[in-house]
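Chemist: Quick check, what structure comes out for this input:
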Amino acid sequence: MKKTLFVSLLLVFLFGYSEAAKDVVVKGFQYWSNETYTRVAVDLSDDIEFTQHSLSNPDRIYFDLQKCILSPKVAPSLQIEDGIMKKIRISQFNAETVRVVLDLQELESFKVFIMENPYRLIIDAFGKKRSGEAIPYKKPGKDAARIKRVVIDPGHGGEDPGAVGFRGLMEKDVVLSVGKKLAAILKEKYGMEVILTRNKDVFIPLHERTAIANSRNADLFISIHANASRRKAARGIETYILNWTTDEESMRVAARENNLSLAKMKKVQSELQMILDDLERDNKKGESMKLAYNVQSLMISSLTQDYNQVIDLGVKQALFYVLVRAEMPSVLVEISFISNSEDEKLLSQKKYRDKIAEAIANGVGAYATPPKLAKKPSDNI
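Modeler: Sure, this is the predicted structure:
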């Protein structure tokens, strides 16, 4: 076995990965964490199969990635010490297996799944400090102070332009403009702290965007996108929450944003049912729905004041990678169809983009400050 492993690794060094048994390359790993949550992402060159195991004394969980070769550039370990994990270790266990070991401190539970484009093994670990907490964000209060920190995610970026209009307008540029304006309004008008997942034209993997929100203990997560369709006449505005769906068009939108085929999207949806089940248990679905309805209604009511052909496509649900395992109310907003010539014209105008940003901000404000209930008249009057 040692001789086989030596030969496999030698092939990697001498000839690269293509001749090394055509195995998947484990290219590296990274993590994000706060006091109750740690996300580990293992970078892969392709899809994999894996097994998971746990051991005690000392406590640890490990994952055997099958038919994999570890890149020689990967560091063998990384110290974490965040209260949940002590350390991450990674090694070539045998000729066809890479082992990832998480040395634990205080672990309540964990979830594991594969993300694509690019491929990642995602491990979400939750600390015991979460015990008894339904959700990590504050319950609705009397004023906007309950929403202190918002993460805004302008979709796509860098090597990923997103959808491109007939005149060449790129989704990545449109949503970055809207995201920056939204951030400014939330800061100035509502006094909220705002974090942008990107503030320039760079590519950020979907799993990293969610991890930024979780690791920074955000109260809300808003991902901004421009829609596209094969039907050039399609236009309108819609807001999504994460959930299972049978609606073909919603799955098609999610497939495009996840950079998957529709067939693959349907398969992924069934595989991630365990994550969708969590939405019901910790109430994120209900709060996300409230946020979505506030954002959608304010966008429509605001834009229809100045623009005649704004179509309300409503609040919908689908499985978007960027929303998976967000630990706070989260929505994905499709601000118009860049594939429609009229919508593309509008999206190219700063006035229209700013109007959208203002409407989304007002939707966040409406969610943060629920209407006060009228006092019941006294019987003594």
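Chemist: so for the helix or strand that I360 is a member of, what's the average pLDDT?
Modeler: Here I360, judged by DSSP states H and E, is contained in helix 350-368. For helix 350-368, the mean pLDDT works out to 97.
Chemist: and if you look at stretch 164-176?
Modeler: Along stretch 164-176, the predicted confidence averages to a pLDDT of 97.
Chemist: repeat for stretch 241-257
Modeler: Model confidence over stretch 241-257 averages 85 on the pLDDT scale.
Chemist: Quick check: buried residues in it?
Modeler: Using 16 or more other CB atoms under 10 Å as the burial criterion, the residues of stretch 241-257 that qualify are 241-245, 250-257. The way it works is simple: take the backbone N, C-alpha and C, and place the C-beta from them, glycine included.
Chemist: ditto for stretch 57-71
Modeler: Using 16+ other CB under 10 Å as the burial criterion, the residues of stretch 57-71 that qualify are 60-65, 68-70.
Chemist: and the two most separated of the residues you listed?
Modeler: Using CB to CB, the two most remote members of the buried residues of stretch 57-71 are R60 and I69, lying 23.1 Å apart.
Chemist: Can you tell me how far the residue most central in space within the chain is from Q309?
Modeler: In the chain, the centroid-proximal residue (CA atoms, centre = their mean) is V322; its distance is 2.2 Å. V322 sits 29 Å away from Q309 when distances are taken as CB to CB, to the nearest Å.
Chemist: and if you look at I356?
Modeler: Counting by CB to CB, the gap from I356 to Q309 is 15 Å.
Chemist: cool, E35 as well?
Modeler: If you measure E35 against Q309 using CB to CB, the figure is 48 Å.
Chemist: Same check on E358?
Modeler: E358 sits 19 Å away from Q309, going by CB to CB.
Chemist: between the two, who's got more neighbours?
Modeler: It is E358, of E358 and Q309, that has more neighbours when counted by other CB atoms under 10 Å, with 19 against 12.
Chemist: Next up, the contacts around that one.
Modeler: With CB atoms under 8 Å, 6 or more residues apart in numbering as the criterion, the residues that contact E358 are 181, 185, 302.
Chemist: try it again with 10 Å
Modeler: Contacts for E358 were tallied using CB atoms under 10 Å, 6 or more residues apart in numbering; they are 178, 181-182, 185, 189, 298-299, 302-303.
Chemist: Narrow those to those that are buried.
Modeler: For the contacts of E358, a burial check counting by 16+ other CB under 10 Å picks out 178, 181-182, 185, 298-299, 302-303.
Chemist: ok, those residues vs N214, which is closest?
Modeler: For the buried ones among the contacts of E358, the minimum distance to N214 (CB to CB) is 20.1 Å, reached by L182.
Chemist: and the next element down the chain from the helix or strand hosting the closest one?
Modeler: Element membership of L182, judged by DSSP H and E, is helix 171-190. With elements assigned by DSSP H and E, the helix or strand that comes after helix 171-190 is strand 193-196.
Chemist: And the helices in the stretch 101-250 of the chain?
Modeler: Taking DSSP state H, counting those that start in this stretch as the criterion, the stretch 101-250 of the chain contains helices spanning 171-190, 206-215, 248-258.
Chemist: Ok, which of these comes nearest S77?
Modeler: Across the helices of the stretch 101-250 of the chain, S77 has its closest neighbour in helix 206-215 (20.3 Å, CB to CB).
Chemist: Restricting to C-alpha, output the closest one in PDB.
Modeler: Taking C-alpha atoms only, helix 206-215 is exported to PDB below (Å, rounded to 0.1, in the frame of the first residue of the first chain):
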ATOM      1  CA  LEU A 206     -21.400  31.100  -3.300                       C
ATOM      2  CA  HIS A 207     -20.500  29.200  -0.100                       C
ATOM      3  CA  GLU A 208     -18.200  32.000   0.900                       C
ATOM      4  CA  ARG A 209     -20.900  34.600   0.600                       C
ATOM      5  CA  THR A 210     -23.100  32.800   3.100                       C
ATOM      6  CA  ALA A 211     -20.100  32.200   5.400                       C
ATOM      7  CA  ILE A 212     -19.400  35.900   5.500                       C
ATOM      8  CA  ALA A 213     -22.900  36.600   6.800                       C
ATOM      9  CA  ASN A 214     -22.700  33.800   9.400                       C
ATOM     10  CA  SER A 215     -19.300  34.500  10.700                       C
END
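Chemist: so where's the stretch 1-150 of the chain uncertain?
Modeler: Along the stretch 1-150 of the chain, the parts satisfying pLDDT under 70 run over 1-22, 129-145.
Chemist: could you pull out the strands for it?
Modeler: When secondary structure is read from DSSP state E, counting those that start in this stretch, the stretch 1-150 of the chain shows strands at 24-34, 37-44, 50-55, 60-66, 68-70, 77-79, 85-94, 97-104, 109-115, 120-126, 149-154.
Chemist: State the distance from the spatially closest residue to N199 that is not a sequence neighbour to L313.
Modeler: Distance criterion CB to CB, 6 or more residues apart in numbering; nearest residue to N199, sequence neighbours excluded, is K180 at 6.7 Å. Here K180 is placed at a distance of 25 Å from L313 (CB to CB).
Chemist: In contact with D23, which residues?
Modeler: 8, 12, 17, 45-46, 48, 65-70, 95-98.
Chemist: that older thread, tell me the pLDDT at the residue nearest to N199?
Modeler: According to the model's per-residue confidence, K180 sits at a pLDDT of 98.
Chemist: Tell me how many other residues crowd it.
Modeler: Residues near K180, counting by other CB under 10 Å, number 18.
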